[in-house]
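In: sequence and computational prediction follow.
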Amino acid sequence: MLQVRMHFITSRSTFAPMSIIVDHITKTYGDQHALNDVSFSVGSGEVVGFLGPNGAGKSTMMKILTCFIPPTGGAASVCGFDTYRNSLDVRRNVGYLPEHNPLYLDLYVHEFLGFVAGLHGLKGRTAQVKKMIEQVGLGPEQHKRIGALSKGYRQRVGLAQAMIHDPQVLILDEPTSGLDPNQLVEVRALIKRIGEERTVMLSTHIMQEVEAICDRVIIIDRGKVVADDKAKSLRSGAQHREALEVEFDAEIAANHLLNIAGVLQAEKKDLNVWMLLFDPAMDIRPAVFRFAVDHGLQVLGMRKSERDLEEVFKSLTRQGN
């Protein structure tokens with residue numbers, strides 16, 4: 001049963017600088033917490049990567065922000081409108097591309113976009129459809145049936161329908177899922193251009209995409225926010241650790257590497273290649289060489305390395321962390 005909400009976000013002027021406000025949102029299904037006391041805000045014009053492993057609660061959060069489902073507790077607003085009390089106002093200000101892009105495959109591209117524009121009650125819909133087709137690069141495909149398009153062009157149609165009513169906020173759930181490398185580059189560049197004019201909240205599993213597009217990263221795990229910072233800050237300083245990549249000439253167990261003085265964590269990158277995370281106040285290289293000699297190993301390579309976002313993501317969302 002939906003619990004009584006304890007408070008609402010009501011004043012548009014109070015939150016004018018913020019496009020999205022999430023205030024202690026909880027969503028439960030029976031005894032399971034899909035979201036557990038989640039809070040964050042997204043400023044106007046920000047492009048934010050919303051990351052997490054499968055089942056972490058990303059899509060649930062996006063469905064709450066787009067008024068598809070209500071929260072069990074807490075409150076959220078988009079462009080100052082409460083998602084519970086002012087859902088129609090929220091929908092007027094939000095463009096949403098869900099993970100499974102719902103399209104009418106028998107309609108032509110320009111026909112479908114005209115239909116969506118009509119649902120929004122837009123005036124001058126013909127001009128707006130033309131504008132969207134140009135903006136997302138659908139010109140050569142506009143007279144084709146959607147069912148005849150490649151996955152990349154279908155995603156462009158999805159982006160066009162999400163933007164057709166000129167929303168202030170775009171919420172994109174796995175917008176590049178299933179695309180080939182060429183399509184990835186094209187759609188990624190398109191989203192980056194869109195982000196120059198709108199607030200974008202983007203869910204993806206592709207870390208390079210986040211680093212290329214997003215100003216900021218929010219990582220959620222098991223229904224809770226575990227990190228919220230600039231991507232660069234998460235990589236370099238948020239965990240107060242440095243990384244040393246070491247390649248040995250034979251296999252070695254992680255628990256043995258943790259016995260090296262100063263090593264905080266050992267992550268296997270490849271066969272016999274390890275990423276050793278250590279306190280930046282220490283130089284662990286002499287200790288690694290002593291460890292290799294004591295265990296009859298040779299060090300084939302060693303270099304200090306900045307942790308990439310994927311490694312930070314794995315360390316923050318690994319079961320038990």
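Out: Cool, the structure landed.
In: burial count for Gln135?
Out: 15 (other C-beta atoms under 10 Å). For the C-beta atoms, the positions are set from N, CA and C on the backbone; glycine is no exception.
In: same question but for Ile284, I mixed them up
Out: As a measure of burial, Ile284 has 20 neighbours, counting by other C-beta under 10 Å.
In: and it, how far is that from Leu258?
Out: Using C-beta to C-beta, to the nearest Å, one obtains 12 Å as the distance from Ile284 to Leu258.
In: ditto for Pro71
Out: Using C-beta to C-beta, one gets 41 Å for the distance from Pro71 to Leu258.
In: higher neighbour count, these two?
Out: Residue environment comparison for Pro71 versus Leu258 gives the larger neighbour count to Pro71, 27 against 12, counting by other C-beta under 10 Å.
In: what are the phi and psi values at that one?
Out: Main-chain torsions, Pro71, degrees, to the nearest 10: phi -80, psi 160.
In: so who does it touch?
Out: In this structure, Pro71 makes contact with Arg5, Ile25, Thr26, Lys27, Leu35, Ile64, Thr83, Tyr84, judged by C-beta atoms under 8 Å, 6 or more residues apart in numbering.
In: before we go further, the second one is sitting in a strand, right?
Out: Yes - counting by DSSP: H, G, I helix; E, B strand; the rest coil, Ile25 is part of a strand.
In: my read: it touches Ser41, true?
Out: No - taking C-beta atoms under 8 Å as the contact criterion, Ile25 and Ser41 are not neighbours in contact, 11.9 Å apart.
In: more neighbours: these two, which one.
Out: Ranked by neighbour count (other C-beta under 10 Å), Ile25 and Ser41 place Ile25 first, with 24 against 16.
In: helix, strand or coil for the nearest residue to the more buried one once chain neighbours are set aside?
Out: Closest residue to Ile25 apart from its sequence neighbours, by C-beta to C-beta, 6 or more residues apart in numbering: Gly74 at 3.9 Å. With three-state DSSP as the basis, Gly74 sits in strand.
In: Gly74 - how many residues pack around it?
Out: 22.
In: next secondary structure after the helix or strand of the chain with the lowest mean pLDDT?
Out: Sorting the helices and strands of the chain by mean pLDDT, DSSP states H and E puts helix 231-236 at the bottom, at a mean of 69. Using DSSP states H and E, the helix or strand that directly follows helix 231-236 along the chain is strand 242-248.
In: who does that next one pair up with?
Out: Paired with strand 242-248 in the same sheet, following DSSP bridges, are strand 273-278 (antiparallel), strand 299-305 (antiparallel).
In: select, out of those strands, the one closest to Arg125.
Out: Closest to Arg125 of the strands paired with strand 242-248 is strand 299-305 (C-beta to C-beta; 52.4 Å).
In: give me the buried stretch members for the helix or strand just after that closest one, please.
Out: Sequence-wise, the next helix or strand downstream of strand 299-305 (DSSP H and E) is helix 309-317. Of the residues in helix 309-317, those buried under the neighbour-count criterion (16 or more other C-beta atoms under 10 Å) are Leu309, Glu311, Val312, Phe313, Ser315, Leu316, Thr317.
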